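Undergrad: Please work out how this folds:
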Amino acid sequence: MSDINAILYEALIQNREDQVLVPQVATMAGMAARTVYEYCADPRRTPDIRAIRAAFAVTQSPTIKILLEPPGWRLVPVSDLATPQTDSLSREIEDVVIHTGNLLQHLREGLQSKETATVVKTARLIGRLETEVMEVRRLFEDTIRQGGEWEMSSL
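TA: Sure, this is the predicted structure:
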């Protein structure tokens, strides 16, 4: 058994609390409980980082913490992290517009490709981009409804 598998096995199963701990870890990691059991017992499976993080969050095991906190590093709760503040939201948006222009150029080139696979891949990317643009519009509209100020005409 690999070291990581053994550590998870010890923290989640060996103490006989696996019927409580494993489902909690699985839910937190967004995976099936069976997958967590496999990570604990099957040395051929490399545990997903989400499972390791969830196992630590559930158990607070110092052994699992060592996996997540290499020497010289320290785990910090998300609540302790500072949110980066930009001095100008318009500058941030201008950066996005510049990158979007470059993306648009690449998408046009992809659609003009002679290779069917490239055209299909490009069309899929355009579909994903449309979904993200709709999400951005929704966020702007929500901001306006809540009293924020945005110019929707530029979108």
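
Undergrad: switch to C-alpha atoms for all contacts and neighbour counts from now on
TA: Noted.

Undergrad: buried ones in the helix or strand containing residue 118?
TA: Using DSSP states H and E, residue 118 sits in helix 116-145. Of all the residues in helix 116-145, those buried under the rule 16 or more other Cα atoms under 10 Å are 118-119, 122, 126, 140-141.

Undergrad: So residue 114: helix, strand or coil?
TA: What DSSP: H, G, I helix; E, B strand; the rest coil gives for residue 114 is coil.

Undergrad: what's the neighbour count on it?
TA: Residues lying near residue 114 (other Cα atoms under 10 Å) number 9.

Undergrad: Report the lowest-confidence entry in the buried residues of helix 116-145.
TA: Least confident entry in the buried residues of helix 116-145, by pLDDT: residue 140, with 75.

Undergrad: tell me the domain ranges of the chain?
TA: Following automatic domain parsing, one gets these domains for the chain: 3-76, 89-150.

Undergrad: so which of the ones you listed is the most packed in?
TA: Of these, the one with the most neighbours on average (mean count of other Cα atoms under 10 Å) is domain 3-76, at a mean of 16.

Undergrad: What mean pLDDT does it get?
TA: Mean pLDDT, domain 3-76: 86.

Undergrad: who does the helix or strand where residue 109 lies touch, helix- and strand-wise?
TA: Taking DSSP H and E as the criterion, the element that holds residue 109 is helix 89-111. Applying 3 or more Cα pairs under 8 Å, 6 or more residues apart in numbering; DSSP states H and E, we find helix 89-111 packed against helix 116-145.

Undergrad: angle of the helix holding residue 109 against helix 116-145?
TA: Inter-element angle recorded for helix 89-111 and helix 116-145: 160 degrees (by axes from the mean of the first three to the mean of the last three Cα atoms, to 10 degrees).

Undergrad: who touches helix 89-111?
TA: Residues outside helix 89-111 that contact it (Cα atoms under 8 Å, 6 or more residues apart in numbering): 86, 118-119, 122-123, 126.

Undergrad: residue at max distance from the center of this structure?
TA: Residue farthest from the centre of the chain, counting by Cα atoms, centre = their mean, is residue 114 at 34.5 Å.

Undergrad: Excluding covalently adjacent residues, which one is nearest to the residue most central in space within the chain?
TA: Note on the chain: the residue nearest the mean C-alpha position is residue 50, at 9.5 Å, using Cα atoms, centre = their mean. Closest residue in space to residue 50, ignoring its immediate chain neighbours: residue 29 at 5.1 Å, by Cα to Cα, 6 or more residues apart in numbering.
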